[in-house]
Every structure is written in C-alpha cells, then in structure tokens.
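> Any chance you can model this:
(chains A, B, C and D)
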Protein chains: 4
Amino acid sequence: MSGMWGNNIRVSIFGESHGNAIGINIDGLPSGFHIDMDKVMVEMARRAPGKSPLSTPRKEGDIPEILSGYFEGKTTGTPLCAIIRNSNTKSKDYSKLKDVMRPGHADYTGAMRYDGFNDYRGGGHFSGRITAPLVFAGAICKQILESKGISIAAHVNSIGSIKDKSFLDVDINEELILSFKGKELPLINSELEEAMRQEVMNARKDMDSIGGTIECVVLGIKPGIGNPFFDSVESTLAHLMFSVPAVKGIEFGKGFDISKMRGSEANDEYYLDGKTIKTKTNNNGGILGGITNGMPIVFKVAIKPTASIFKEQSTVNIATMEETKLSIEGRHDPCIVQRALPVIEAVTAIGILELM
Amino acid sequence: MSGMWGNNIRVSIFGESHGNAIGINIDGLPSGFHIDMDKVMVEMARRAPGKSPLSTPRKEGDIPEILSGYFEGKTTGTPLCAIIRNSNTKSKDYSKLKDVMRPGHADYTGAMRYDGFNDYRGGGHFSGRITAPLVFAGAICKQILESKGISIAAHVNSIGSIKDKSFLDVDINEELILSFKGKELPLINSELEEAMRQEVMNARKDMDSIGGTIECVVLGIKPGIGNPFFDSVESTLAHLMFSVPAVKGIEFGKGFDISKMRGSEANDEYYLDGKTIKTKTNNNGGILGGITNGMPIVFKVAIKPTASIFKEQSTVNIATMEETKLSIEGRHDPCIVQRALPVIEAVTAIGILELM
Amino acid sequence: MSGMWGNNIRVSIFGESHGNAIGINIDGLPSGFHIDMDKVMVEMARRAPGKSPLSTPRKEGDIPEILSGYFEGKTTGTPLCAIIRNSNTKSKDYSKLKDVMRPGHADYTGAMRYDGFNDYRGGGHFSGRITAPLVFAGAICKQILESKGISIAAHVNSIGSIKDKSFLDVDINEELILSFKGKELPLINSELEEAMRQEVMNARKDMDSIGGTIECVVLGIKPGIGNPFFDSVESTLAHLMFSVPAVKGIEFGKGFDISKMRGSEANDEYYLDGKTIKTKTNNNGGILGGITNGMPIVFKVAIKPTASIFKEQSTVNIATMEETKLSIEGRHDPCIVQRALPVIEAVTAIGILELM
Amino acid sequence: MSGMWGNNIRVSIFGESHGNAIGINIDGLPSGFHIDMDKVMVEMARRAPGKSPLSTPRKEGDIPEILSGYFEGKTTGTPLCAIIRNSNTKSKDYSKLKDVMRPGHADYTGAMRYDGFNDYRGGGHFSGRITAPLVFAGAICKQILESKGISIAAHVNSIGSIKDKSFLDVDINEELILSFKGKELPLINSELEEAMRQEVMNARKDMDSIGGTIECVVLGIKPGIGNPFFDSVESTLAHLMFSVPAVKGIEFGKGFDISKMRGSEANDEYYLDGKTIKTKTNNNGGILGGITNGMPIVFKVAIKPTASIFKEQSTVNIATMEETKLSIEGRHDPCIVQRALPVIEAVTAIGILELM
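Residues are numbered from 1 along each chain as shown, chains lettered A, B, ... in the order given. Prediction:
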C-alpha cells in the first residue's frame, strides 16, 4: 500500500537498485501531448551521477524505455510506463553487507518491514536510484505545466554552513530562473558557488558527507488551486517530498521562522497591482488555507548528508545479533543536494499537476 | 476531493464555523473497542477556547454527539459519525467582512477556490474550529493506540523567541510525558512557562499575536511500520499536519539542522540494548527509508501567529476591487500554539493508526 | 474501509437503523449550485415506506437536515453533510432477535464481520433504511446532471413473473420518462400495473415476499465518458449497485442474453443520424470498452425478495449454537422493488457524476 | 484515473496490443512468498491463443519478465512489476482501420475518450491482450490464497444455447474442481463438451462468433469477509469483472432468477453441520449484506460474442464522416469464453485478496 500515489495524475513506481529494471507507470496524463524527449533527458542527466567531484564517480546509462501510452510522439492518455534497465551494478559490493546494518540507511527498517525478504543489494527499493523514474515522470509533468504557463525551479539554498539567499528575499523572475539552467549548483547568489564546492570537498576529504537545503518555487500558478482538509497544497507537496530519500523537513514560505514572528509581520498584506490582487510579502509561500493565492509557491526541504561514508561507524549484525564496526566502501556521493534538485522539481511537478 | 482521508482508518470531515454543525465520520475503527468518553472530553477541552488569557475568551460548549457506529459503549466497526452543534456564533460580526480579505486568513483563497460561494462567516470551513472534530477522532485513535502500548505526547517547543528543550536532548520516558498532563503549556523545561506566557501577553498587549513550534513524540512503536514510496511515515504525518490550519513547516528528528551536519554526525549508530537494537542518537526521528526503526518518532511543526489581530492592516475589497484598511474586531487568540497541541496529537494518532 | 466511495464526487455514509441518526457526507460537489429542496424531498418520498399496500405500513418522517456545505440556498463546494434522525423505532421488536439469525438478512455475516459488536437492532447498518441518505445524495447529483442535460430514469422491469418491456425495445424519449413521474410502479407497458400489484398482494397474502428487476437508463450522456481498466462505466455503476441491499445481479444492454447471440447480432452497427454517430441497436447498453458511445446507458438490476417474511423459517441461534425456528413479526414490505427505484436512480446519478 | 485499482493489493496496468510491451505493477504482496512460476505459466498458457480451432490461430510467446519485487525466488514485498514484450504483431493489418470503426469494439469510444490520440493498432489498450498481465497478477494472488486454503475455479456455464449445470445445483468439492484442470472447456456436465465445440464451430463456419457465460466459485473462504457500503464482496468482484473486456453482466448466487422467487424460497435457511453454521441452499451465492457467510461464493458473468467477425457490417468512417461497410480480416477467435476463464479466475483472486 505504498507504491502508488495520486488521484488525477497517478504514479506507480517499482524497482530495486540491482534488479532487472526500475520504472514508473503514469496514469491520467492528457492525451495528445507531445513530449519533448530531449528535455526529459536533460532532467535525467541532472540527476545522474558521475559528472563532477561533488558526486559519486559511478556512471549510470539511464536511458528510459517507454513501453506504453506513447504513440507517434504523443501521449495516448492511457497509462504511460517507462523502465530503466539496471547495469553497471556490482552486486558483490553489497552481499557481505546483508546482515550488517548501515547507519542512516534503510537496511534495518527495510529488513523489519519486509521480514528480511527485501532485496538488500545497493539499498534495493530504498536506493536513491529509484528517484530516476520520478525524474522521468516529473519531466513530463513539468512540460505539461509549462504548456499552461507554470514553471518550477529549485536552487541550492545551503550546503553545510554556506547559505544562499531565499526566493522570498528577491524578485523571482524568469531571468533568475533561466540563470539556473545547466548549473550543477544553481544559486541566487552565484558568488557562493566556490565556497559550497569547498564545503563538499572538505567533507569528501574527511571521508565524510555533508547535507544541505533546497528551495523550490512554482511560478505562474493561479489563485484557487488546492483544498482545505485534507489535500492542501502543502499536504500534497509534503507527502511527495517525504517520499524522496534523505528529505527530513519541509517548510512553506517563512516556514519555521514564521513561528518567531508576530501576526502583524507574518500576515501578508494585500494590495492591487493593476487589476491583480497580490501580497506585499510572501511569508505564507503562496498558500493560505491550503489553497494558492496567486503568489509564487515557495518552500524549502532539508536534505540529510549522504548516509554512505567511508568513516568507520558502530553498528549491529542482525544475523549474529552482535555489535560490530563498519566502513562503507565503494563509490559514494559526498553530497547529494545537487543531484536531489531535479528530483524535488520533479515531484513538485507531479504534485502540482495532481492539484490542478 | 479533499474532505476525506485514509485507507485503513478513513476520516471524512465537514462543517463550517457558523453552520448548523461540524463533525467527522470515522471508518475503519475496530469493532468492540470501548471508548472512554471522559478521556475524549479531556482532549476536547484542551483544544477549547476560553480557559486563560492566552486564548480567546470566546466559549464553546463543544459536546460531540455520536450519531452512529457506537453501541452499548463500544465501537461497532461501522462508520462512527459525531457532530458538534455550533452555538454562541455571532454571525453579524462577520457579515461586513464578506468582501474585505483578512490578511493571513483563507478569505481570499477560499473565495477563489469556491467562486465566492463558500460560507465566509467566521472563516467557514477554514476556521480553526473545524479541528474540533479532528481532536474527537484523534482522541479515539489515541485510545486504540494506547491499548497497543503506543503513546503520543506533544509539548510547546517554542513561543516567539522562548525555546524549550527538544525530545532529542533528553531521556523521553513516561514520567516526562505524564508531567505534561493538565498543563496549558506543557514543557520539558517547565521553568520557561512564565517567560512564554509573558511572550504571549506582550503580543496581546500590542494588539498583535505570536507564533511558535510544537514538538511531538510517538513512543512504543515497533520497528517496521511505514513504507518507502509513497506512504512513508513522514509523508503520512506531514500530509495530516498540513491539513491543520496555521501549520507552515514540519521536520523529523533533527530536521533542518541535519542539513548542516556531516554524515558521521547525522547517521544514528546502532547498538544493542540487551536484545533490542537501538540507535545512540535519534537524528532521524525514528524513521529511516520512511519506516520506523523502533526509536521514538520525533517531529516538530511550525505554527504561524494567529492571523486575526486588532492591528490595522492593508488589504483589498474584492467586491469593489479597491485597496482598504482593516482592523479585525471581536475575540482573538493572541497565540494558538497551546490550543494546537491536542490537534497535533490527534492527527498524529490518526496517521499512526492508518500506518499500522 | 468501506463507508466511503469515489474520487471526484466522494460520499461517506453512516448510521444504523435504530441509532441516533443516519446520514451522508458528500464531497466534491461544485460550488454555487442551487439545490431544489422540493425535488430532493420528492425523491426521498419515493423511497419512504407507508404509502401503499405494496410496502410496509411503517411511517418514516425522513426530513434530512443539512449540517454543512450549504449556504444561502447553494452548495459551497465544501463537504455537504446531511443527517436524518431516527424515530418511530421500536427497538424492543428486535432485541430478542439478537442471537437468532434471520435467513436472507445480514445478521449472521454482520456478527461475523464485526465480532458481534455491530448494532443488530433492525438490521443496524445493513438496514435498507441506510439507503435514504443515498437517495438524498443522489437527488442532488441528479439535479447537477440535469443541469448538464443528462437525465436518469428507472422503471420496474419485472415483479415475480410479470415482465415489462425493455428500454432496448422502445424509443426512449422524454415523454416516456415523464410518464413515470409520480407512479409507484412506473412501467413502459402501463397495462401491466394491475398484474404486478396482484403479484405483490399474492405474496403478501401468503405471508411471503416477492422480488423483481429494475431497468435504468441514462439519457443525454456524451460519448467518451469512462475508462478501460479499471474504472469502466460498468465497473463504476456495478460497484455502487452492489452497495444497495438486495441487489444480486446487474447486466448492461442485452446483458446475459448477449451471451446467446452471434457477433453479427450482438455488434451494434454504426450509422449517421445527421452529423451524429449512432448505433442501430443498443445491445451493449451505450458502453464499449468501458466508455460511453453516446447511446443511452441501459442496465438492469436484480432485486431479491424482501428477506423479512412472516413465514416460519429454519435457522440457528448463534449464542446457544442450536437450530431453531423463526417467524419474523413486525411490519414488512411484501416487495421492495418499487421502493428501490429511487435508490437505483440515486446511485446511478452519483456514479455518472463521478465519471464526468 | 483508471489504470490502477485496489487498496490492500494494488495493481497498475499498462500497455497496448502493438506497443513495446504490456505489463502490470503489483503492490501490497506479502514479502517472502515463494512464487511457483510453473503454475503461473500454466495460467498464462490457458489464456494464450492458438491452441485449438476454438480460438484464433495467432500465436503469442507470452513470457513475462519480472522486473522488480522478486528476489531469490520470493516476493520482496515491494512492488512487483512484470512485462510481456509484444511480438508477432502485424501492424499493417490495422493501419487502414484507423478511421473505420469496428462495431462492438472500443474503436469509436476510445477515439472519443482520447481525442483520437490512442494507439488504435489492434485495439491498443482495449485489446483483450491486455488481460495477459491480469492473468499473471491473478496467478500470484491465487497461489497466495491457496496457501490460506482458498481455491478459485471457473467453468464454462454456457456457450450460445448449450448450457452446463450450475455450481448451485451440485456438490462443489475438490474432486469437481480438479476435473477442470487442463480442460479447454471445463464443465460440470462434461458430456456437453462436444455440443459446445460444435456451437463454436458453427459460428466459425458462418464467419461469425458466439458468446457464453462463465460461472466461478471461491471455496474455503471464511465468514465475515467484505463490507456493507461501499466495498461489498459483490461490489469488489463486479468492479473487477467489468474491467475484463466483453463482460456485460454479473450475477451472484441465483442472480436474476432470484428476482422471480418468493422470499421463502430465496432466503437461505441456516442449519448446523457439526459446529459449523451453513445454509441449506446458496441462493445468495455466499454473500449477505456484502459479506461472506462461509458458503462458497458463486457468481456468473456474461461474455459477449467476439466483436471481430468476418461478416460484413455497416459502420462509419470518422475521418470522412461517411457510412461504409466493413469486413474484419485477420485471425479471430470465434469464441473467447474459454480463453476468458483464466482471466475471470485471475481478477477474482485479486479481488478476494483485496478483501482479506
């Protein structure tokens, strides 16, 4: 009761890191929509590893194969299923780790949930690799939203202690969004890029990893989208965000900082911009009562540091029920924030399409 | 497509602040469960206004009437519907505000969502009052969970700038939980109570309001509860939390702070406590890969300051499409954090029961 | 996991025959729809007992009270909940039957399903009385459909051995539909009315009951509504029909008779009626591949004879686990087909609105 | 909003007859269940064409490839997705039929539903071929049910005018069920086999097709499974049955015949068989109030004659909007009742597992 989501746009995900294939079935797409596959592949490439020292050097040849729902370059309206074959998987790296639980990973919780029958190789169904199909699905949803004048963009809000500006503090315009294109570390204040890289390289040097935050914006959405109980815009997006491995928090608008404010500061006062009702501030992140008010939807998510680290850690062997030490070998991402960007955008696109 | 939630335990909510009644229909309850109605009423009373200067002096005689699914003091297993009649509602207070949008409220978004046909009186379906049925449903779920050894407790983590300790920094035991009972401001460090009260009173004196944060814990839950995609424990709880008016953020375990950590700090190392696998820290808040690891589930939510304030604010009249000024009269809560506590506990109980 | 249904239009039902109230919460209604309450009451009255010798003489004062979602005579778009108080309930009639299972009723299956904790009085949640809220919800959906040019009508297709014509054999026009209005036994061949009444009166005289079939038509529906897997028009309507107590079969178009046909007979050949594509026959009942083809949707349901009969029957006492005899006293319907007509129309309306 | 179904056991189907592959994603399977792949292949083979003159001579090499959720011969508990590659597809047979609507097929309704963008080749997503993944999923569910003592079996109840006995008229025992194994036309009265074959061959000789009915039984199910509103056993099974192409009716127990009965005949009287409560008759097909009573679940479905026939038919060309004639060439099944048997059993297995 977990692998499927949505009512209007439904996704059904499957796959394990070292199984035959991973994939996603998408139902509820409009028929006759032309998918720009180049754009889809750009999104896939953003998530793919192996591009810079910030990520794992492991390469993935992630070419999705569309099995259904796509005919003569357009969606048919029937379920669109795409799969990605697993390759370049060294199962032997993992077999010895079957019983020794990696801290910060889902090894132990997965073993408990599935009574030890889950595919443990490379994290199995819990692997970050399973987000590739989400990016695929999200890339299609993004294109559909773009055709309706809605764009979604995310930037690295922080890595470790290096913190970028917030969308709430600047004028969010198309120029800013475009400046993110093609960047591994899209930033509002692009001068911070080097410091952020250094933060990651320092963690890497220490055989460690580092976390960060991502801020995402939805531009061009009309007022009146969403619901009070129980499918608010926040509920819908948060539900999806917490399906993305490593996400541990989400806040809309000023989020946790709004809790320190007075009402007179926090309330977004209305004014007229020509015939359009706008708010002077956007502390509520474009959402009131679970429904959009026409201002940009702005939210941040917290990404925890990569759980796989070379540093030795204490743990337990669940077969022998003995305490032991563990150093995770292989190829790790010292930081996954930059690779999580397209995933966050993707699930945002899925969520917004669901709400419309 | 909003008023119903859940698969195993389903709730269906209804009502407006100034309509005939508000209520909830709960489906999926076990049959033959004896409901302790006194305990239910204790939870209802915690949410009720009018008890102290921290809240609005408005009184609500919130006696739920069970219409169905309850026979000879026990649940029948068929849908249990309860309603609460609205009374003490002064509709005339609100009628003049039909067109003048209150900043921070859902007046404008509601008007957009429902094309102006929603019941605007007192916030209508967006009123915080609609959380009363949630507390009722949650109180029953809580009792069911208690019968399985699971307890849920929340404390005020902060009001304005006054910040309590976190569950992550102390030994969470039944004694601590019991110390919260009957307190308007349950705190880990109870010495902060006076300062918090003062924070609220200061806001009130300034004809303003103040926000805060709530931290909640689920104790006694077994490992292996939850799912990876898409119904993780975090997804499920976050979905429900963002249905509660005024919630603008949620974080599990260390939440946003984990994003500043190194992997070696953030990863919760395993050890053996007798035959039980535990973690030395609980930075992940008891959840890995969307599934419980047996440690307490710990999360925080951000509550924004009460939107209703006496202070004059700028806004727009949507009938005349003119800018105007507004000062909200009537009885307001200078702070709703303390009243939100039982609501957060209630939806947590509903969410945990859904996952089990 | 049973009392709620739907994705676009969601209904949540509750209540027991002898509890405080029965009711329904309807979510997903459009906002601003003016409900004609007189028309709703006409539908409620059609289902109500006590009008003629064909039904039980028991009277029900079924005045629904709308609790929410309805403001100034129009729907608000938020959940609309309505309840009907139970009155005129003689619980003492039933208490002695707690342990003696009535054949044909859900006494035994309910006791098994809910471990004996269900409200057994008068059938409890299984009572035909619980269809009253369905009729209420359906009456609203019917009005919404009418505003889109879609009308729904049912006639008694048979009672016992007396069989009316089928919609498939006549020209279905508004005149025919209008001729059904106000009739207890609407028939295509109205000359059969007296014979049908006699069929019921004979059963009644024998302290027995009699079943029948209902045929229902949906007129004015456009082609292209519905889905292949898994939410075909047939799936959606059948799902709802089998929620109505006493329904034991459903067939679309020629239904079971189509199984005896050759393909050349069964296939509905296309022709052009001006610029409209129509079929010469309607053996498929307006549905192909789960999707409407623009022809009237036509289906029949089988209604079993009233389970409550005065005649002595063999049964088992589940408390003593002994075989025993039972004669059901009180007020029974010798036939419920005529009272089921508005229920079948109501759930049809709910189902069609869901699909659109 | 159509390709996914279920709450406890969820299936998500995809594919078109002439696309890359068809398949199904199954979520909610227990972990650690050993799948007997030989048994799965037996079910697949039963549905496959090309085995006898009763079916199309077209061959399908339907070897499902499991992509996920299956590790070391057992289910992992995470989504199990399997695909079947399409081959032996002569697309050129169909291209000329893009605009000429085949009577009895979903060509026209599909074009309306998907605005002409659906994959029309070979019926596309509406093709009976899409039932192959359902048989795969059902074969797994069947094995799970068998491990709980529940068995499902179907026989041909009629083809054209040749009618077998009903399960309701005989003693349903394991011996009878076993006698069905390996038979193309499993019958209670096996003497009818030759007459049935002749019925099909006659239709074939006339370049026509013939329909029939299937009767299915679920043995070994405990009392107390199912729900009143809205997920009765009947609702759940009917919903799935009407997803199977060509099904036009379903009836439980005596079904439509019960409508001609008196209550005293129709009511299934209880008696004690040792300590087990049973009914003397099974007119209600093992279900009362939507819930099992412990008697075998028995139902019949009506299968319409194959829509594809060689005989010339009248139709419309939707591109030119002109009436035209059509004779469908290629390889057809003169009767699909025998091939539908494993499909009906499969969706029954999915439905029963959902309800448990």
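> Close to chain C: what parts of the stretch 101-250 of chain A are there?
The stretch 101-250 of chain A comes close to chain C at residues residue A:228, as judged by C-beta under 8 Å from any C-beta of the partner chain. Quick note: C-beta positions are derived from backbone N, CA and C, even for glycine.
> can you give me the helices in the stretch 101-250 of chain A?
A:107-113, A:131-146, A:174-180, A:193-205, A:233-241 (DSSP state H, counting those that start in this stretch).
> OK, contacts around the residue in the stretch 201-350 of chain A that chain D sits nearest to?
Using C-beta to the nearest C-beta, the point where the stretch 201-350 of chain A gets nearest to chain D is residue A:243, with a distance of 13.2 Å. When contacts are counted by C-beta atoms under 8 Å, 6 or more residues apart in numbering or on different chains, residue A:243 touches A:5, A:347, B:228, B:229, B:230, B:232, B:235, B:290.
> Can you give me the neighbour number for the fourth one?
Other residues near residue B:229 come to 31 when the count uses other C-beta atoms under 10 Å in any protein chain shown.
> if we can go back for a sec, would you format the contacts of residue A:243 as JSON lines with pLDDT and distance to residue B:278 included?
JSON lines is the format used below for those (pLDDT from 0 to 100; distance: C-beta to C-beta, whole Å):
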{"residue": "A:5", "pLDDT": "93", "distance to residue B:278": "32"}
{"residue": "A:347", "pLDDT": "98", "distance to residue B:278": "32"}
{"residue": "B:228", "pLDDT": "95", "distance to residue B:278": "22"}
{"residue": "B:229", "pLDDT": "90", "distance to residue B:278": "27"}
{"residue": "B:230", "pLDDT": "94", "distance to residue B:278": "28"}
{"residue": "B:232", "pLDDT": "97", "distance to residue B:278": "21"}
{"residue": "B:235", "pLDDT": "98", "distance to residue B:278": "25"}
{"residue": "B:290", "pLDDT": "97", "distance to residue B:278": "20"}
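> Select only the buried ones of those in ChimeraX?
Buried residues among the contacts of residue A:243 (16 or more other C-beta atoms under 10 Å in any protein chain shown), as a ChimeraX selection:
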select /A:5,347 /B:228,229,230,232,235,290
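> among the contacts of residue A:243, which are in reach of chain D?
residue B:228.
> Worst mean pLDDT across the helices and strands of chain A, which element?
None of the helices or strands of chain A scores lower by mean pLDDT, DSSP states H and E than helix A:92-95, at a mean of 64.
> Quick check: chain neighbours aside, which residue is closest to the residue of the stretch 201-350 of chain A found nearest chain C?
For the stretch 201-350 of chain A and chain C, the shortest gap (C-beta to the nearest C-beta) falls at residue A:228, measuring 7.1 Å. Spatially, and ignoring its direct neighbours in sequence, residue A:228 is nearest to residue A:290 (5.0 Å; C-beta to C-beta, 6 or more residues apart in numbering or on different chains).
> got the phi/psi numbers for the one you found?
phi 80, psi 0 (degrees, to the nearest 10).
> Was I right to think it contacts residue A:233?
Yes - the pair residue A:290 / residue A:233 is scored as a contact, 5.9 Å apart, by C-beta atoms under 8 Å.
> okay, and the common contacts of those two?
In contact with both residue A:290 and residue A:233: residue A:226, using C-beta under 8 Å, 6+ apart.
> deepest of the helices of the stretch 101-250 of chain A, which one?
helix A:233-241 (a mean of 28; mean count of other C-beta atoms under 10 Å in any protein chain shown).
> Just give me how far it sits from the chain centre.
Helix A:233-241 has its C-alpha centroid displaced from the chain centroid by 12 Å (C-alpha atoms, centre = their mean, to the nearest Å).
> which strands and helices sit next to that helix?
strand A:247-252, strand A:297-303, helix A:337-355, helix B:233-241, strand B:247-252 (3 or more C-beta pairs under 8 Å, 6 or more residues apart in numbering or on different chains; DSSP states H and E).
> contacting residues for the nearest residue to residue A:46 once chain neighbours are set aside?
Of all residues not flanking residue A:46 in the chain, residue A:342 sits nearest, at 4.1 Å (C-beta to C-beta, 6+ apart). Going by C-beta under 8 Å, 6+ apart, residue A:342 touches A:43, A:46, A:47, A:135, A:138.
> Put together CSV for those residues, with pLDDT on each row.
Formatted as CSV, the contacts of residue A:342 follow (pLDDT from 0 to 100):
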residue, pLDDT
A:43, 94
A:46, 91
A:47, 90
A:135, 97
A:138, 98
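> out of those, what pair is the most spread apart?
A:46 and A:138 (11.0 Å; C-beta to C-beta).
> Count the neighbours of residue A:7 for me.
With other C-beta under 10 Å as criterion, residue A:7 counts 14.
> Kindly report the same for residue A:222.
13.
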